[in-house]
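Visitor: with the input below, show me the fold.
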Amino acid sequence: MATALALLRFSPLPRLHNHPAVFPPSFSLHLRPSPACRRPTAVCMSRSTVPAADRLVSALAYTLPFVDSLHYGRFLFARVPAAAAAIAPILPLAAAYHSVPYASFVAFFALYLGVVRNPAFSHYVRYNAMQAVVLDVFLALPSLLQRVFGTPSRGIGFRVLEIGYHAVFVFSLACFVYSVINCILGKTHYLPLVASAADRQL
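Guide: You can find the predicted model right below:
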């Protein structure tokens, strides 16, 4: 934010709107690019410039972290039947996916090596795939911490675990919905923390 503000130039003079008395016909006005497009690896695109295939592949990339995070919603599904009913159509597919040994690792490296590191895909697709990969890594961290510290079965520890599961799943669902909508519209979006890590990788 500080960098973007530093790039702005404010003038106390009102705009002259290319008045002929001020700007002769031979005068050419060169506009600087918007500060929003000055991000080093930003993909400043709109729906009209992003092919439909690229938008589809980018949206599908975010299904990996979402499916891998479904187990965080177990407590929410038990407490809120409506949430369980809403997610029920994809549960058989998720169960089949997780029933395959090492399916999550294979899908992770397939997305990273097959899309992110594949120059055949556009930068827009590779950037979104990289965000999905980084998000998948972040969503795996709570499970790793749980394995290290163990799983409490009762008391305040279990309550903290339940609240943590709620927070992680809601965050994952919000990122999934937000990312898919932006990909369908052909817009570039930046997920908190995830975007900066994706920028460094690309």
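Visitor: show me where this protein has its helices.
Guide: Remark: helices assigned in the chain by DSSP state H are 2-7, 52-61, 63-68, 74-79, 81-87, 91-99, 103-111, 123-149, 155-185, 194-201.
Visitor: any regions of the protein where pLDDT drops low?
Guide: Under the criterion pLDDT under 70, the flagged ranges of the chain are 1-48.
Visitor: returning to what we had before: which of the helices of the chain sits most buried?
Guide: helix 63-68 (a mean of 22; mean count of other C-beta atoms under 10 Å). For glycine as for every other residue, the C-beta is placed from the backbone atoms N, C-alpha and C.
Visitor: residue 117: which of the helices of the chain is closest?
Guide: helix 123-149 (8.0 Å; C-beta to C-beta).
Visitor: packing partners of the closest one?
Guide: helix 52-61, helix 63-68, helix 103-111, helix 155-185, helix 194-201 (3 or more C-beta pairs under 8 Å, 6 or more residues apart in numbering; DSSP states H and E).
Visitor: from residue 155, how far out is the residue lying closest to residue 151 once chain neighbours are set aside?
Guide: Distances taken as C-beta to C-beta, 6 or more residues apart in numbering place residue 161 nearest to residue 151, at 6.9 Å, with adjacent residues excluded. According to C-beta to C-beta, to the nearest Å, residue 161 and residue 155 sit 10 Å apart.
Visitor: got the contact list for residue 168?
Guide: Taking C-beta atoms under 8 Å, 6 or more residues apart in numbering, we find residue 168 in contact with 69, 72, 139, 142.
Visitor: dump the helices of the chain into CSV; add distance to residue 117 as well.
Guide: CSV is the format used below for those (distance: least, C-beta to C-beta, whole Å):
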stretch, distance to residue 117
helix 2-7, 29
helix 52-61, 13
helix 63-68, 16
helix 74-79, 34
helix 81-87, 32
helix 91-99, 23
helix 103-111, 10
helix 123-149, 8
helix 155-185, 20
helix 194-201, 10
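Visitor: if we can go back for a sec, quickly note the distance from the residue nearest to residue 151 to residue 152.
Guide: Taken as C-beta to C-beta, the span from residue 161 to residue 152 is 6 Å.
Visitor: pretty sure residue 186 sits against residue 55.
Guide: Yes: using C-beta atoms under 8 Å, residue 186 is in contact with residue 55, at 5.4 Å.
Visitor: related to what we said a few turns ago, and the helices and strands packed on helix 123-149: which comes nearest residue 133?
Guide: So among these, helix 103-111 is nearest, using C-beta to C-beta, at 5.9 Å.
Visitor: and that closest one, what does it pack onto?
Guide: Checking 3+ C-beta pairs under 8 Å, 6+ apart, helix 103-111 ends up next to helix 63-68, helix 91-99, helix 123-149.
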